[in-house]
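Visitor: One predicted model, sequence on top.
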Amino acid sequence: MTELWWAGVEAVQGRSAVGRHLERTDPVRPDSVLAVGKAACSMAAGVQDRFGIGIPTLVITKDGHGTDLPGAEVIESSHPIPDERSVAAGRRAVEAVRSCKPGDDLMVLVSGGASALVEWPVDGVTLADIADATDRLLGSGADIAHINEARRALSRIKGGGLLTRFEGRHVTVLAISDVRGDDIEVIGSGIGVTPAEIDSETHIVASNNHARDAVAAAAEQRGYSVLNNREHLYGDVEVVASRLGLALSDAAGGIHIFGGEPTLELPPNPGRGGRNQHLAVRLSRELVGHDRSTLALVAGTDGSDGPTLDAGGWAGARFWSDAAEPFLAAADAGTYLDQTGGLFTTGPTGTNVMDLVVAVTQEE
């Protein structure tokens, strides 16, 4: 199970995804590179693999996601709530774009997490206003499209604002999608959107679909039958758990792959965990009493679930007891999984294509 999940994640890691795209398209060598997001270091490494280390490169990523990139300026910033470092990083990104000279080609590498990592509030809005709005939206059960729409309205550099400062020749945007529909205006709240008057091109180099297909290929190589490969982990986490329970309850033996990003409405003062950990515990309840022994791995492809260092958790009847109910009510699924041995921890993965559920059903 773990090997299959990792097969999906490794297929969409920034370094390999960018490398494959550059090998296929053979673009001109950029004069500068700007990378923003959880996968920024990995994506920038893919550019260095192709073009060497001499290109001026600014990388802005999440705390703990920075890696050594020779010749690159690497900034770690705040996520998921922006802070003063986000504003400083936003201003540094603007400087990098403005430094491009006429005739320069800029390569912009965008991945999920960029919305919080770089910021520059519009006039009349403070950083505290944005932080409060972000905290409220993240706990409201809203999906990422609605959250990022609100973020764009509060920022000078989201929704195409950053690249209005570009005065060079051409912009190439390579993005790893962490949103439904792979819309560049939603990924990172549109930090990679280019104004119509700028000569540019945009490519999605990795997505949840790519990850799920890689899991399916790895499963088939191991002799499994792939019974489901669907991107439908959308909506409230309770509804998603019920949907998955139904999909798995009458299934024959084989592998089931689901992708997407459910939502979770948080109570005041939530406990430890995130949507994947909550879904894992809730799905375990759905799997009690099934005729088949079913085990599922539920995890975020970026290696972090909510404000935790865990990626997600394991689901199966063996992980459920009625003692879990108060933990679910308190949004404290991580504590329950820790106590039952059901946590799944990876560390930063170098990508972010929403969430993956890999489940195996077996004839008893």
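Guide: Looks like it came in fine.

Visitor: what's the burial count for Asn269?
Guide: Neighbourhood size, Asn269 [other Cβ atoms under 10 Å]: 7. The C-beta positions use only the backbone N, C-alpha and C, and glycine is treated the same way.

Visitor: swap in Ala11?
Guide: Look at Ala11: counted by other Cβ under 10 Å, it has 21 neighbours.

Visitor: residue boundaries of the strands in the stretch 151-300 of the chain?
Guide: Secondary structure of the stretch 151-300 of the chain (DSSP state E, counting those that start in this stretch): strands at 170-176, 200-206, 226-233, 254-260, 293-300.

Visitor: Rebuild the ones you listed as CSV, extending it with mean pLDDT and mean neighbour count.
Guide: Putting the strands of the stretch 151-300 of the chain into CSV (pLDDT from 0 to 100; neighbours: other Cβ atoms under 10 Å) gives the following:
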stretch, mean pLDDT, mean neighbour count
strand 170-176, 98, 26
strand 200-206, 98, 19
strand 226-233, 93, 18
strand 254-260, 97, 22
strand 293-300, 94, 25
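
Visitor: Tell me which of these approaches Lys62 most closely.
Guide: Minimum separation from Lys62 across the strands of the stretch 151-300 of the chain (Cβ to Cβ) falls at strand 293-300, 12.6 Å.

Visitor: Show me what the closest one is packed up against.
Guide: Helices and strands touching strand 293-300, by 3 or more Cβ pairs under 8 Å, 6 or more residues apart in numbering; DSSP states H and E, are helix 2-11, helix 237-249, helix 275-287, strand 312-315, strand 343-344, strand 355-362.

Visitor: The strands of the stretch 151-300 of the chain: which one's closest to Glu119?
Guide: Of all the strands of the stretch 151-300 of the chain, strand 170-176 sits nearest to Glu119, with 19.0 Å by Cβ to Cβ.

Visitor: Check the burial of Gly159 by counting its neighbours.
Guide: By other Cβ under 10 Å, neighbour count at Gly159 equals 18.

Visitor: Enumerate every residue touching it.
Guide: The contact partners of Gly159, taken as Cβ atoms under 8 Å, 6 or more residues apart in numbering, are Arg152, Glu185, Ser189, Gly190, Val193.

Visitor: if we take those, which one ends up nearest to Ser77?
Guide: Ser189 (14.3 Å).

Visitor: Let me know the pLDDT of the closest one.
Guide: If you check Ser189, the pLDDT there is 96.

Visitor: What's the separation between it and Ser42?
Guide: 21 Å (Cβ to Cβ, to the nearest Å).

Visitor: rewinding a little: just send the strands of the stretch 151-300 of the chain back as CSV, with distance to Ala114 too.
Guide: Output for those, formatted as CSV (distance: least, Cβ to Cβ, whole Å):
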stretch, distance to Ala114
strand 170-176, 10
strand 200-206, 14
strand 226-233, 22
strand 254-260, 20
strand 293-300, 16
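
Visitor: Can you say which of the helices and strands packed on strand 293-300 is packed in most?
Guide: Of all these, strand 312-315 has the most neighbours on average by mean count of other Cβ atoms under 10 Å, namely a mean of 30.

Visitor: and the next element down the chain from that strand?
Guide: Next helix or strand after strand 312-315 toward the C-terminus (DSSP states H and E): helix 324-329.

Visitor: Could you check that following helix and say which residues are buried?
Guide: Within helix 324-329, the residues that qualify as buried are Ala324, Phe327, Leu328, counting by 16 or more other Cβ atoms under 10 Å.

Visitor: what does stretch 124-142 give?
Guide: Buried residues in stretch 124-142, counting neighbours by 16+ other Cβ under 10 Å, are found at Leu127, Ile130, Ala131, Ala133, Thr134, Leu137, Leu138, Gly141, Ala142.

Visitor: need the contact list for the nearest residue to Gly113 once chain neighbours are set aside.
Guide: Spatial nearest neighbour of Gly113, excluding adjacent residues (Cβ to Cβ, 6 or more residues apart in numbering): Lys38 at 3.9 Å. When contacts are counted by Cβ under 8 Å, 6+ apart, Lys38 touches Thr61, Lys62, His65, His79, Ser111, Gly112, Gly113, Asp302, Ser304, Pro348, Thr351, Asn352.

Visitor: Determine which two of those are furthest apart.
Guide: Farthest apart among those by Cβ to Cβ are His79 and Thr351. That separation is 15.0 Å.

Visitor: Which one's more surrounded, the two?
Guide: More neighbours surround Thr351 than the other of His79 and Thr351, with 30 against 24 (other Cβ under 10 Å).

Visitor: what's near enough to touch that one?
Guide: 9, 12-14, 17, 38-39, 42, 111, 176, 206, 301-302.

Visitor: hmm, back to that, which of the buried residues of stretch 124-142 sits closest to Thr308?
Guide: The shortest gap between Thr308 and any of these belongs to Leu138, at 13.4 Å (Cβ to Cβ).

Visitor: gap between that closest one and Trp5?
Guide: Counting by Cβ to Cβ, the gap from Leu138 to Trp5 is 25 Å.

Visitor: Hmm, Ala114 is touching Ala39, no?
Guide: No: with contacts counted by Cβ atoms under 8 Å, Ala114 stays clear of Ala39, the gap being 9.8 Å.
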